[in-house]
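Trainee: Just a sequence and a predicted model for now, questions to come.
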Amino acid sequence: MGPVAGVLILLAAVLLAASLCSAATGPAIPSIFKPESTPADSIYHLSIFVLAITGIIFVIVFSLIAYAITKFRRRADDGPEPPQVYGSNQIEIAWTVIPVLIVLVLFMATARVIFAIQDAREPKGALEVTVIGHQFWWELRYPALGIVTANELHVPVSDPSRPTPTFLTLLSADTDHSFWVPRLAGKTDLIPNRVNKMWIDPHDVGVYVGQCAQYCGLQHAKMLLRVYVDSPEQFAQWVQEEKKPGQTNDAVDEGRQIFETTACINCHTVSGTVADGRFGPDLTHLMSRDTIASGAALNTPENLKTWIRDPDVIKPGSLMPAMKLSDHDLDALTAYLETLR
């Protein structure tokens, strides 16, 4: 890889991060240059190191080219072509040894970061989350807590003096995906029939935006992800709320009946009902989420109604079918879903 290519790749990463931020509201640009977790911080410093080396190479090569163009440009009083010199052991050794040393330094620096991240030991009491990639959404399971949710990952903040990292087990339900939250960690693939792992230890509370970074189909670009880094008290409150059964009331019985007698129950789960589907997100606490359609739209009654009526309006090519309900049934179903908190 040439120095210019390295710089262009880093610039492309920044531009992609900016485009991701425009697709999601609220969180700041998910730049790799603003790390908020140990793995991301390691990657950031490696990136700066590589950028510095490639920048120096670029300046040297550009300067030599500029010097050669200026010094040896054609002049009107030029005589015949000067004698040609073929071969120089000193030059050939230099342009072989120096690039090899540069590549070796970059290789060693990169390998050190990779091994430091991948070989990190999981401390006792660390939070474990299983992330399952689907076309085109994220299933999130907390095995020790008995919680299942989708697209919005909640984790506790990690105090550097007493680290409380979150370890993620990455699986795929269909095709290749890639889990990437630039400010928290590097990209890690989710591959069918393979178990990959990664970890994060966010240092500050907030919302961090990520995305599937491996082309996985038509709606790959809208397979977004949000990581909510909560204070210990906020996380404990979230866990308590998520463990509660889905809350409904008698005023929406009609909507619940529609939900339980249509194809909804084939794909979705709502605890306390007959709905036990696994193809789509668990809806038990649907209204506790800020977004729907894997971050493609804010979770508002209007967007929810549009999503049920015709998902292609929000996410063309989504595997969510258009339910083709009457206006009355659509209103009743939406009213029921709004009670799932």
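Mentor: Nice, thanks for sending it over.

Trainee: Which positions in the longest helix seen in the chain come out as buried?
Mentor: Criterion DSSP state H: the longest helix present in the chain is helix 38-71. Neighbour counts over helix 38-71 (16 or more other Cβ atoms under 10 Å) mark 38-44, 46-47, 50, 53-54, 57 as buried. Where C-beta positions appear, they are placed from N, C-alpha and C, glycine not excepted.

Trainee: where do the helices sit along the stretch 151-300 of the chain?
Mentor: According to DSSP state H, counting those that start in this stretch, the stretch 151-300 of the chain carries its helices in the segments 232-243, 253-260, 264-267.

Trainee: coming back round to it: can you tell me which of the buried residues of helix 38-71 is closest to residue 30?
Mentor: Among the buried residues of helix 38-71, residue 40 lies closest to residue 30 (Cβ to Cβ), at 10.0 Å.

Trainee: ok, the closest one - contacts?
Mentor: 32, 182-186, 200 (Cβ atoms under 8 Å, 6 or more residues apart in numbering).

Trainee: Got the domain ranges for the chain?
Mentor: 3-74+82-118, 250-337 (automatic domain parsing).

Trainee: quick one: average pLDDT of stretch 87-105?
Mentor: On average, the pLDDT along stretch 87-105 is 91.

Trainee: Pull the number of nearby residues for residue 97.
Mentor: 10 (other Cβ atoms under 10 Å).

Trainee: go on, residue 227?
Mentor: 24.

Trainee: cool, residue 272 as well?
Mentor: 11.

Trainee: could you pull out the strands for the stretch 101-250 of the chain?
Mentor: 127-134, 137-142, 147-150, 152-156, 166-172, 177-180, 188-190, 196-200, 206-212, 224-230 (DSSP state E, counting those that start in this stretch).

Trainee: Report pLDDT for residue 338.
Mentor: 89.

Trainee: OK, contacts around residue 177?
Mentor: Counted by Cβ under 8 Å, 6+ apart, residue 177 has contacts 133, 189-190, 212, 214, 216, 223.

Trainee: Which residue comes closest to it once chain neighbours are left out?
Mentor: With Cβ to Cβ, 6 or more residues apart in numbering as the criterion, residue 177 has its nearest non-adjacent residue at 3.3 Å, and that residue is residue 133.

Trainee: Contact partners for the one you found?
Mentor: 139, 170-174, 177, 179, 190, 212, 216, 223.

Trainee: Give the burial count for residue 172, as a bare number.
Mentor: Residues near residue 172, counting by other Cβ under 10 Å, number 23.

Trainee: What pLDDT does the model give it?
Mentor: For residue 172, pLDDT reads 96.
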